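A.B. asks: can you look at this prediction? I've put the sequence above it.
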Number of protein chains: 2
Amino acid sequence: MVFVDFCVNLFRMDTNTINILYIDDEPHNLNAFRASFRRSFGVFTAESGAAALPILASEDIHIIITDQRMPNMTGVEFLESILTTYPDPIRILLTGYSDLSAVIDAINKGQVYLYVTKPWQEDELRLNLEKAFEVFALRKENKVLNDQLMLVNEQLEFMLRQKLLS
Amino acid sequence: MVFVDFCVNLFRMDTNTINILYIDDEPHNLNAFRASFRRSFGVFTAESGAAALPILASEDIHIIITDQRMPNMTGVEFLESILTTYPDPIRILLTGYSDLSAVIDAINKGQVYLYVTKPWQEDELRLNLEKAFEVFALRKENKVLNDQLMLVNEQLEFMLRQKLLS
């Protein structure tokens, strides 16, 4: 039997860096976002959904925040397209008040976790990013804890069977 | 040794009813809230912080939503006063745009989880209530999973010690 060196504190999210991918076709919005948040988070930016894909493939992204109105693909379309491959990052949509009914629909379909109306306010967006990360971390930690419980339980059952047989 | 009849699925939040306590000094707001949400959630209402206390003491409340501007005690003051006794419910503040700086301060101090601007829109508030409940449930499930892991780990250690001694 392989002994599982188990410890309750085995798994702790590495919360040192929260990695955020921000997608917007307007470069000055990307610059403003970077200027506001690069000291608090790991910030990655892309000017389109297409440009975001290699970043998603190579980096451990926790939160995706995307503008809704972009030339080739809307934010909701982009989020929908990556949902199967990248189900875990929390998805935030940046949008104007006029798009809200489409957004509520996207939230109900699970494509978007929350929306933030434009122009974003730094304080409010920061709070939303922190809350989004808490949800990401809690979901992940829950999954890991469940897996660990399953594993430790198997060990316990194995030992009980051995005890009964001996 | 007490055998822990352990099962990974032992703990599942009873998500059949999400219990929400809504506090507002204007009775027509309480009525509108009840009319909108009583089919989806367990709804409890109170016209003041003082009137909310017996409900908190007797019911298993998951989410507290309170108006900020009330005659004797503001929403933030109320939430601050109950924080030690009832740390678990997710706390939502209803407020006008003019109060936002005080609200951000209250969020940063941990008294308020999120705020919703008045007048609330049913669709948006419903989404926020569902997200708030997910956070409540994930935090609680995490705590229970950690406790279970600790317990099962103790069992495993006990059995390993026995094995080594025998």
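C.D. replies: Here it is on my side, so go on. All of these numbers come straight from a predicted model, not from anything done at the bench.
A.B. asks: now the lowest-mean-pLDDT helix or strand in chain A: buried residues?
C.D. replies: Of all the helices and strands that make up chain A, helix A:100-108 has the lowest average by mean pLDDT, DSSP states H and E, namely a mean of 78. Neighbour-count burial for helix A:100-108 flags A:Ala102, A:Val103, A:Ile104, A:Ala106, A:Ile107 (criterion: 16 or more other CB atoms under 10 Å in any protein chain shown). From N, CA and C alone the C-beta is placed, and that goes for glycine too.
A.B. asks: check which helices and strands the longest helix anywhere in chain A sits against.
C.D. replies: If you go by DSSP state H, chain A has its longest helix at helix A:122-165. The helices and strands touching helix A:122-165, judged by 3 or more CB pairs under 8 Å, 6 or more residues apart in numbering or on different chains; DSSP states H and E, are helix A:27-37, strand A:63-67, strand A:90-95, strand A:114-117, helix B:100-108, helix B:122-165.
A.B. asks: hmm, try it at 6 Å
C.D. replies: Secondary-structure packing of helix A:122-165 (3 or more CB pairs under 6 Å, 6 or more residues apart in numbering or on different chains; DSSP states H and E): strand A:90-95, helix B:122-165.
A.B. asks: how far off strand A:90-95 does that helix point, in degrees?
C.D. replies: Computed by axes from the mean of the first three to the mean of the last three CA atoms, to 10 degrees, the angle separating helix A:122-165 from strand A:90-95 equals 160 degrees.
A.B. asks: what about helix A:122-165, distance to the chain center?
C.D. replies: In terms of CA atoms, centre = their mean, to the nearest Å, the centre of helix A:122-165 is found 16 Å from the chain centre.
A.B. asks: cool, and stretch A:101-115?
C.D. replies: Mean-position distance between stretch A:101-115 and its chain equals 15 Å (CA atoms, centre = their mean).
A.B. asks: which other residues reach it?
C.D. replies: Stretch A:101-115 is touched from outside by A:Val76, A:Leu79, A:Glu80, A:Ile90, A:Arg91, A:Ile92, A:Leu93, A:Thr95, B:Asp123, B:Leu127, with contacts defined as CB atoms under 6 Å, 6 or more residues apart in numbering or on different chains.
A.B. asks: what's the answer for stretch A:68-86, then?
C.D. replies: Contact partners of stretch A:68-86, identified using CB under 6 Å, 6+ apart, comprise A:Asp25, A:Gly49, A:Leu56, A:Thr66, A:Asp67, A:Arg91, A:Leu93, A:Thr95, A:Asp99, A:Ala106, A:Gln111.
A.B. asks: okay, those residues in a markdown table with distance to B:Glu154 next?
C.D. replies: Formatted as a markdown table, the entries for the contacts of stretch A:68-86 read as follows, by distance: CB to CB, whole Å:
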| residue | distance to B:Glu154 |
| --- | --- |
| A:Asp25 | 56 |
| A:Gly49 | 50 |
| A:Leu56 | 41 |
| A:Thr66 | 46 |
| A:Asp67 | 51 |
| A:Arg91 | 40 |
| A:Leu93 | 46 |
| A:Thr95 | 50 |
| A:Asp99 | 53 |
| A:Ala106 | 46 |
| A:Gln111 | 43 |
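A.B. asks: quick check: the farthest pair among those residues?
C.D. replies: The widest separation within the contacts of stretch A:68-86, taken as CB to CB, falls between A:Leu56 and A:Asp99 and amounts to 23.6 Å.
A.B. asks: ok so, going back, nearest to B:Val152, of the contacts of stretch A:101-115?
C.D. replies: Nearest to B:Val152, judged by CB to CB, of these is A:Ile90 at 30.5 Å.
A.B. asks: setting the sequence-adjacent residues aside, check what's closest to the closest one.
C.D. replies: A:Ala132 (4.1 Å; CB to CB, 6 or more residues apart in numbering or on different chains).
A.B. asks: export the buried residues of helix A:100-108 as CSV, with columns for distance to B:Asn142.
C.D. replies: Formatted as CSV, the entries for these read as follows, by distance: CB to CB, whole Å:
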residue, distance to B:Asn142
A:Ala102, 34
A:Val103, 29
A:Ile104, 29
A:Ala106, 28
A:Ile107, 24
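A.B. asks: right, I'll leave it there.
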